[in-house]
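J.: make a model of this:
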Amino acid sequence: MVTKAFLSRRRFAVLLFFAVLLPAATPLLGQAAQPPATIYLIRHAEKLTDGREDLSWQGFLRAAELPALFLPPVFPTATPPRPLLAKPDYLFATSPSKHSNRPYETIMPLSSALNLPIANSIANDDYAQLAQLLLSGKYAGKIVLVAWHHGNLPQLATALGATPPYKWPETQFDRIWRIDYAAGTGKATLTDLPQHLLPGDSR
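T.: Alright, predicted model coming up:
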């Protein structure tokens, strides 16, 4: 037999849940996923001009020098060393196509130097999917480097919450767009940086 005392205790427990537990959980339900600390966007290195999918000899030189942006030199010179960027925790490149495997080739030496795998399952035109993945919270607080094709780099930056500084030029291979996310707010700030890896690189 259900007594009035039992009903009162049950009613009290329900009221306690809504009064204490539910309000405490509500902010978590509406809380946005935390972004990475930093995302580096680079274009693949110099390409061949005959339509083949690979880098040119100069492109392979740039790819070989790319780790120097994140690792101290083995043989320091007398000149002041280049300021190092934070080492990536994750590497991404476009999936290979019949037209290009250049983004993957560009960061192969970096992958080897940092002992990091390259995720390359997302196609060039699916940059929105990549942005959604990177902002999902899976890479919260991490450093991510993305090698992509220049035609979609501004759109990728926008999808990541940043404002691209310019439309990426066809002949430009030597820049880095660094997107930093403010702790707490997640606000994205994009900084356009030179690579300074090969003679003739922009300053």
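J.: ok, now how distant is Ala113 from Pro67?
T.: 4 Å (C-beta to C-beta, to the nearest Å). Using the backbone N, CA and C atoms, a C-beta is placed for each residue, glycine as well.
J.: please disregard the earlier target; I meant Pro109.
T.: In terms of C-beta to C-beta, Pro109 sits 6 Å off from Pro67.
J.: quick one, what contacts Gln34?
T.: For Gln34, the contact set (C-beta atoms under 8 Å, 6 or more residues apart in numbering) comprises Gly137, Ala140, Gly141, Gly186.
J.: quick one, domains of this structure?
T.: 1-31, 33-73+80-194 (automatic domain parsing).
J.: check contacts around Lys167.
T.: Contacts of Lys167 (C-beta under 8 Å, 6+ apart): Pro154.
J.: can I assume it sits in a strand?
T.: No. Counting by DSSP: H, G, I helix; E, B strand; the rest coil, Lys167 is not part of a strand but coil.
J.: relative to Gly200, how far out is it?
T.: The value you get for Lys167 to Gly200, if C-beta to C-beta is used, is 22 Å.
J.: any idea which element Ile122 lies in?
T.: Assigned by DSSP states H and E, Ile122 belongs to neither a helix nor a strand.
J.: which of the three states applies to the closest residue to it other than its chain neighbours?
T.: Nearest residue to Ile122 in three dimensions, chain neighbours excluded: Leu130, at 4.9 Å (C-beta to C-beta, 6 or more residues apart in numbering). Counting by three-state DSSP, the backbone at Leu130 sits in helix.
J.: give me the neighbour count for Leu130.
T.: Leu130: 23 surrounding residues under other C-beta atoms under 10 Å.
J.: picking that back up, could the contacts of Gln34 go into CSV alongside distance to Phe60, pLDDT and neighbour count?
T.: As requested, these are exported to CSV (distance: C-beta to C-beta, whole Å; pLDDT from 0 to 100; neighbours: other C-beta atoms under 10 Å):
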residue, distance to Phe60, pLDDT, neighbour count
Gly137, 36, 96, 13
Ala140, 34, 97, 14
Gly141, 33, 96, 13
Gly186, 37, 93, 15
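J.: generate CSV for those, with distance to Asn152 and secondary structure as supplementary columns.
T.: Converted to CSV, those look like this (distance: C-beta to C-beta, whole Å; DSSP: H, G, I helix; E, B strand; the rest coil):
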residue, distance to Asn152, secondary structure
Gly137, 23, coil
Ala140, 24, coil
Gly141, 26, coil
Gly186, 23, coil
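J.: in the chain, what secondary structure element scores lowest on mean pLDDT?
T.: helix 22-30 (a mean of 39; mean pLDDT, DSSP states H and E).
J.: elements contacting the following helix or strand past that helix?
T.: Per DSSP H and E, helix 22-30 leads on to strand 38-43 as the next helix or strand towards the C-terminus. Using 3 or more C-beta pairs under 8 Å, 6 or more residues apart in numbering; DSSP states H and E, the elements in contact with strand 38-43 are strand 143-148, helix 153-159, strand 175-181.
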